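Visitor: quick one, fold the following:
(one chain, ligands or ions: 1)
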Amino acid sequence: QADKLYRGRDRVVVLEAGSAQRLLRNSTSAWVVEFYSSWCGHCVNYAPTWKALAGDVRDWELAMRIGVLDCADENNFATCKEFGIHFYPTFRYFKALATQFTVGENYKGPDRELQTVRQIMIDFLQNHTSENKPPAWPELEAASSSSILSLLDKPQKHYTAVVFEKESSYVGREVILDLMQYENIVVKRGLDVDQKLMEKLGINSVPSCYVFHPNGSHGLVYMQKPLRSFFSSYIKSLSGVTKRLSSLRTLPVSQNEDTHTSLNVWKEFDKRKMYMADLESGLHYLLRVELASHKILEGSELKTLKDFVAILSKLFPGRQPVVKLLETLQEWLVSLPLDKIPYDAILDLVNNKMRISGMFLTNRIQWVSCQGSKSLYRGYPCSLWTLFHTLTVQAAKRHEILVNSGFDDSPQIVLQVIRRYIHHFFGCMECAQHFEQMAKESMDKVETLDSAILWLWTKHNEVNSRLAGAPSEDPKFPKVSWPNPDLCPDCHEEVKGLHVWKEADVLTFLKSHYGADNLSYRYTEDETKANGAAESRGREGGQKVTTHQRKEDNLQILAQNTRPGIGEKLEKASSLADVKRKSGDRDIIGPKKESKQSVSFFGIGFSNVDMSLCVVLYAASCFFLMIMYFYFRIRSKRWKTRYTRPYV
Ligand SMILES: Cc1cc2nc3c(=O)[nH]c(=O)nc-3n(C[C@H](O)[C@H](O)[C@H](O)COP(=O)(O)OP(=O)(O)OC[C@H]3O[C@@H](n4cnc5c(N)ncnc54)[C@H](O)[C@@H]3O)c2cc1C
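Guide: Coordinates of the predicted model:
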């Protein structure tokens, strides 16, 4: 709990999967919610502003509440998907008294400064119609001159404070909301347009505050500075103006004080190694959370997904079930004659259909070399960098595989696909913008696959130096130029007292660090499955093996399960794949050795399940033949005795 970005005392309501919809629907207050991700550096950096805003408008909570929802928390994945959150942070407004589920309205302010957000909150409150405006809300519209004049020399039950200001000013409305939970006071907003009224009350400058006392006296209040805080605190200090008791028992501030007791046990690791648990956890997040937030994929998004999965299927140095899953997904995407794909169909394939056939990717997050000293640090972006570096290294080692698989011979091929992935799908929008800027400057100049490895390394170091010292930096893992001398002494040199990188040595180091041989399978979901991994390390050798018969089954099952129209096309895709297979148009890369789980006869691959079925069928047919044999033997004996019995 201590390492969460937001806590109850921050006055921000921490929404969770179970509470979000319930609190946001039919609420008597409007809401502004930040959907954030604890791995997103910008969200971490912005947290102090969001907390400060929540503290600043704490008296407005009967009209508007400030919430947060952590989309990096596994429990909230589905909820963030329901709200259609693609990028972090995303700010959404929710109107009060909404009877239906809504995904809210996007924040459209020019910046995210505290004051701008506060003013847009007021605009949003004023956008409520008479039907969805709770009766307890104060009036934010300017009062008419006549209603203000009617207060003169007339005793009332309570104070009335009028903040005179320009039409464009927000001070009056802010003071009204600051005082909305106080009794014995009504605050109104007056505009400086009625010069006669202004002269009558002796107001020469705006904003100014004019107070009508219960005893009928009234007068202009002298303020040292005409600021919201000065007006509000003066009015709150008037004798008899007190906070309503019911307001003191405010709405629940946060549900999360006692929840989230996830016990993150520190995992010891070797910083010289790469961990499969990081790669698989990152891949799980990428496929099941980041991409899954896009309901339908089409156009350049779909093309990017296809290319990215194709690169992964050729270069991911994973365990066999994972590699098979990627290969099958790639084949499925390629053979699909659709220009739009509902992402749920992909999820169904990955989560259900493939699993039946033994293709499997963990659905648990286990950060090892990407774990942070607190849960708000590191994690997914660290695993994504690791994956990207691995792909550039694998591309250089296994270039011919890419070319044989129909990729163009460009040395930038992997970098360009990574660039498009980041542009379309990476949840941290600011990160994507920075990366695009770097790519625009120099990615096109990359001329060899080795320089692609070095390009990514250089750019990653640029990001490291930009982020050094930022609040998102994990103190236990400071952002430094990498690899440091401790990791790679050969990579460093001094020329005339100045540090220089020895790029040839850096390249050798990167190839070794991000090579499949440097992968540790410790902490993977089932370490025993690592024998599959040892086999798949042979992928660096890049040999062809047989493909999966189950792909066609998957397509057929999917065809039955998806929408009409898409179903038909999926069936066609199935037969297309069949034609492709018969014509020998296949080029799937797999383990060097034939795995224990896959046996090949006449170019057709059989899994353990296939083999077991064969054995069962074989045994059943033997059994059946035996029964037939004995049956006919007994019949023939009876027949013989009947016909050979002598006549009497
Ligand atoms: C494409 C991309 C762009 C990003 N842009 C931003 C941004 O603009 N602003 C922001 O706040 N956050 C950004 N992030 C996130 C940020 O870079 C870090 O990933 C995050 O802060 C977690 O940092 P970390 O300490 O885990 O190390 P990371 O920087 O994530 O590095 C992960 C691991 O890679 C290795 N490594 C470090 N440097 C290099 C290198 N130069 N070459 C090869 N390997 C290396 C180390 O083993 C390190 O532990 C971006 C992430 C990605 C994937």
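Visitor: and the helix or strand containing residue 173, how far from the chain's centre?
Guide: If you go by DSSP states H and E, residue 173 is part of helix 171-178. In terms of C-alpha atoms, centre = their mean, to the nearest Å, the centre of helix 171-178 is set 36 Å apart from its chain centre.
Visitor: which other residues reach whichever helix or strand comes after it?
Guide: Scanning forward in sequence from helix 171-178 by DSSP H and E, the next helix or strand is strand 182-183. Strand 182-183 has contacts (C-beta atoms under 8 Å, 6 or more residues apart in numbering) with 158, 235-236, 241-244. In short, each C-beta sits where N, CA and C put it, glycine included.
Visitor: so what strands line up beside strand 182-183?
Guide: Using DSSP bridges, the strands paired with strand 182-183 are strand 242-243 (antiparallel).
Visitor: contacts for the partner strand, please.
Guide: With C-beta under 8 Å, 6+ apart, strand 242-243 has contacts from 181-184.
Visitor: quick one, which of those residues are buried?
Guide: 181-182 (16 or more other C-beta atoms under 10 Å).
Visitor: of the contacts of strand 242-243, just say which sits nearest to residue 15.
Guide: residue 181 (22.4 Å; C-beta to C-beta).
Visitor: what about stretch 104-119, average pLDDT?
Guide: Over the span of stretch 104-119, the pLDDT mean works out to 93.
Visitor: buried residues of it, list them for me.
Guide: 104, 107, 112, 117-119.
Visitor: now, which of those residues lie within helices?
Guide: 117-119 (DSSP state H).
Visitor: for those, which one is nearest the ligand?
Guide: residue 117 (20.3 Å; C-beta to the nearest ligand atom).
Visitor: hang on, the closest one packs against residue 109?
Guide: Yes - if you go by C-beta atoms under 8 Å, residue 117 and residue 109 touch, sitting 6.2 Å apart.
Visitor: quick one: low-confidence parts of the protein?
Guide: 1-3, 8, 245-263, 526-610, 643-648 (pLDDT under 70).
Visitor: where does residue 93 fall, secondary structure wise?
Guide: strand 90-94.
Visitor: could you do residue 211 as well?
Guide: strand 208-212.
Visitor: before we move on, what about residue 635?
Guide: helix 608-644.
Visitor: what's the most distant pair in the contacts of strand 242-243?
Guide: 181 and 184, at 11.9 Å, using C-beta to C-beta across these.
Visitor: sorry, back to before: now distance to the ligand too, for the buried residues of stretch 104-119, in a markdown table please.
Guide: Shown next, in a markdown table, are the buried residues of stretch 104-119 (distance: C-beta to the nearest ligand atom, whole Å):
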| residue | distance to the ligand |
| --- | --- |
| 104 | 25 |
| 107 | 20 |
| 112 | 15 |
| 117 | 20 |
| 118 | 25 |
| 119 | 27 |
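Visitor: CSV for those, including distance to residue 415?
Guide: Output for these, formatted as CSV (distance: C-beta to C-beta, whole Å):
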residue, distance to residue 415
104, 36
107, 33
112, 31
117, 37
118, 42
119, 42
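Visitor: nearest to residue 410 among the residues you listed?
Guide: residue 112 (38.5 Å).
Visitor: wait, the closest one touches residue 46, no?
Guide: Yes - at 6.8 Å, residue 112 counts as touching residue 46 under the criterion of C-beta under 8 Å.
Visitor: that concludes my questions; thank you for your assistance.
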